[in-house]
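> Using only what follows, build the 3D model:
(chains A and B)
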Amino acid sequence: MKINWYKYASPANFYPVAGKLVPLFGIPAVLLFILGLYVGFFVAPTDFQQGDAYRIIFIHVPAAWMGMMLYVLMAAYAGIGWAFNARLASMMATALSTTGAMFTFLSLATGSLWGKPTWGTWWVWDARMTSTLILLFLYIGFISLQAAIDDPRRADRAGAILALVGVINVPIIYFSVQWWNTLHQGATIRLLNKPTMAPPMLAAMFIMLGACWLYSVAVVLMRLRCIIIEREYEAGRPVLTSARRAQLSRMESV
Amino acid sequence: MNWSRFFSMGGYAFYVWGSYVIALIVMGGEVVALRQRRKTAAARTDNISPAKQSERL
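Numbers count the residues shown, from 1 in each chain, chains lettered A, B, ... in the order given. The predicted structure follows:
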């Protein structure tokens, strides 16, 4: 089977494809969330230092990772869209931004709820938390900058510059616990060292991370579909939705 | 399985369940909002005369 990939670089042609992909990622995401929470709450043992408060980790760490990874992905798509004048890639960057912001907010909120019982404070201006807050502001900046510019292609270019410059913040977040003396604990999982966590805890965290990835793909494709119909409508070349196509074929057969 | 012990989370119930409730609200809210957004956008597009749309095919 030969697939003409260029055909799907057109937003109108990608619209129905994205619609078919959403449940393929959404349904496994729900199943993995259930499995991850089961392992996290019923299999993983209570931590000897933190008691059950540590169970926040199963949402906190995946959310924090997603916030960083989606930012890099967003900047990459924005850059591709800018360099190659690829509209679909720019739309993808816009679609990624809100979900990235959501996960970054979630990592800050759950971190705050974890900090209160274990550190005795909701918030401190330490390196890890401050750089993560800057990540949230970069997302918000990207979203508001694009919303403030009427011409979508100009908005894409402006957003791309902001997104690409902001990438510098991601390694700062990642290495902040090594570079600065902070309240936040260091990395538990390193590439070359053995993880310092019990296997079921680690398993639950990675299952939840997988679930968050699948969720992100499904939700970003849903948002991409919205952006495609909205933008093509405003550009005077409305997308033919599948519901409309079905309606038209019924009308013809009568 | 002792359920009241499970729900009390060793005294950390507010923090642990609070985290997961926030996660459920923001993630579930995102899905609901996107469904609504697409319905609105599709309704606007579908109202255009079929001739104009099929030109694009």
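
> Which secondary structure elements does the helix or strand of chain A with the lowest mean pLDDT sit against?
Counting by mean pLDDT, DSSP states H and E, the weakest-scoring helix or strand in chain A turns out to be helix A:242-253, with a mean of 81. For helix A:242-253, the packing partners by 3 or more C-beta pairs under 8 Å, 6 or more residues apart in numbering or on different chains; DSSP states H and E come out as helix B:13-46, helix B:50-54. Just so you know, the C-beta spots here come from the backbone N, C-alpha and C atoms, and that holds for glycine as well.

> Deepest in the core, which of the ones you listed is it.
Counting by mean count of other C-beta atoms under 10 Å in any protein chain shown, helix B:13-46 has the highest mean neighbour count of the helices and strands packed on helix A:242-253, with a mean of 16.

> got the angle for that helix vs helix A:242-253?
Going by axes from the mean of the first three to the mean of the last three C-alpha atoms, to 10 degrees, helix B:13-46 is angled at 30 degrees with respect to helix A:242-253.

> pLDDT on helix B:13-46, on average?
Across helix B:13-46, pLDDT averages out at 95.

> With stretch A:113-123 instead?
Averaging pLDDT along stretch A:113-123 gives 92.

> Could you tell me which residues within that stretch count as buried?
A:113, A:114, A:115, A:116, A:117, A:118 (16 or more other C-beta atoms under 10 Å in any protein chain shown).

> same deal with stretch A:199-211?
Of all the residues in stretch A:199-211, those buried under the rule 16+ other C-beta under 10 Å are A:201, A:202, A:203, A:204, A:205, A:206, A:207, A:208, A:209, A:210, A:211.

> closest to residue B:18 among the buried residues of stretch A:113-123?
Closest approach to residue B:18 among the buried residues of stretch A:113-123 (C-beta to C-beta): residue A:113, at 5.2 Å.

> how much space is there between that closest one and residue A:59?
10 Å (C-beta to C-beta, to the nearest Å).

> How about residue B:17?
Applying C-beta to C-beta, the value for residue B:17 to residue A:59 is 11 Å.

> Serialize the buried residues of stretch A:199-211 to a markdown table and add fields for secondary structure and distance to chain B.
As requested, these are exported to a markdown table (DSSP: H, G, I helix; E, B strand; the rest coil; distance: C-beta to the nearest C-beta, whole Å):
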| residue | secondary structure | distance to chain B |
| --- | --- | --- |
| A:201 | helix | 14 |
| A:202 | helix | 19 |
| A:203 | helix | 18 |
| A:204 | helix | 13 |
| A:205 | helix | 14 |
| A:206 | helix | 17 |
| A:207 | helix | 15 |
| A:208 | helix | 10 |
| A:209 | helix | 13 |
| A:210 | helix | 15 |
| A:211 | helix | 10 |
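
> want to try CSV for those residues, with pLDDT as columns?
Shown next, in CSV, are the buried residues of stretch A:199-211 (pLDDT from 0 to 100):
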residue, pLDDT
A:201, 92
A:202, 93
A:203, 94
A:204, 95
A:205, 95
A:206, 96
A:207, 97
A:208, 97
A:209, 97
A:210, 98
A:211, 98
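
> Next to chain B, which bits of the stretch 1-150 of chain A? Give me the list.
Neighbours of chain B within the stretch 1-150 of chain A, by C-beta under 8 Å from any C-beta of the partner chain: A:12, A:37, A:41, A:46, A:51-53, A:55-56, A:59-60, A:63, A:98-99, A:102, A:105-106, A:109-110, A:113-114, A:116-117.

> Among the residues you listed, the buried ones, what's the PyMOL command?
A single PyMOL command selects the buried members of those (16+ other C-beta under 10 Å):
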select buried, chain A and resi 12+37+41+51+52+53+55+56+59+60+63+98+99+102+105+106+109+110+113+114+116+117
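
> pretty sure residue A:132 contacts residue A:64?
Yes - contact status for residue A:132 versus residue A:64: in contact at 6.9 Å, counting by C-beta atoms under 8 Å.

> okay, and the common contacts of those two?
In terms of C-beta atoms under 8 Å, 6 or more residues apart in numbering or on different chains, residue A:132 and residue A:64 are both contacted by the residues A:104, A:107, A:111.

> Sweet, I'm off.
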